[in-house]
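1. Give me a 3D structure for the following:
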Amino acid sequence: MTDTPVEESLFQLIHSYHRYAAREGDVETLSLEELKALLMDNVPRFMESLGRKEPYFIAELFRAADKDKDQQLCFDEFLYVLGRLLRDYHLQYHRQLCAQYCTQHSLY
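-> So this is what the prediction gives:
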């Protein structure tokens, strides 16, 4: 049986995490530079559409996710990053739907 699109997406997230974590230092954690590279290489349009390409945003996101303050993100901390980005994108999705509806029904 083949993987569903969601299963494939989850596998790709895990694979990407490990591929970038292995670039420097501890192969089981992401540094700030590794996180920046992972996000900008793999989801640049996603980051741009959220207005989140600025280095300060990624640094702040990293600090918020780094719960044990060891300057590295373990996989669980990386999931926090993904959750924040997905939440922001979900909110943007709803704003676009609302704008579309309002335009279609002359509510502006």
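2. Can you give me the distance of the closest residue to residue 82 other than its chain neighbours to residue 79?
-> Once flanking residues are discounted, residue 82 sits nearest to residue 13: 7.0 Å by CB to CB, 6 or more residues apart in numbering. Glycine gets a C-beta too; all of them are placed from N, C-alpha and C. Taking CB to CB, to the nearest Å as the measure, residue 13 falls 9 Å from residue 79.
3. Then residue 43?
-> When distance is defined by CB to CB, residue 43 is 15 Å away from residue 79.
4. So for these two, which residue has more residues nearby?
-> residue 43 (17 against 14; other CB atoms under 10 Å).
5. and the lowest-mean-pLDDT helix or strand in the chain, what does it pack onto?
-> Least confident helix or strand of the chain, by mean pLDDT, DSSP states H and E, is helix 44-49 with a mean of 82. Counting contacts by 3 or more CB pairs under 8 Å, 6 or more residues apart in numbering; DSSP states H and E, helix 44-49 packs against helix 75-104.
6. Buried residues of the helix it packs on, list them for me.
-> 77, 78, 81, 85, 88 (16 or more other CB atoms under 10 Å).
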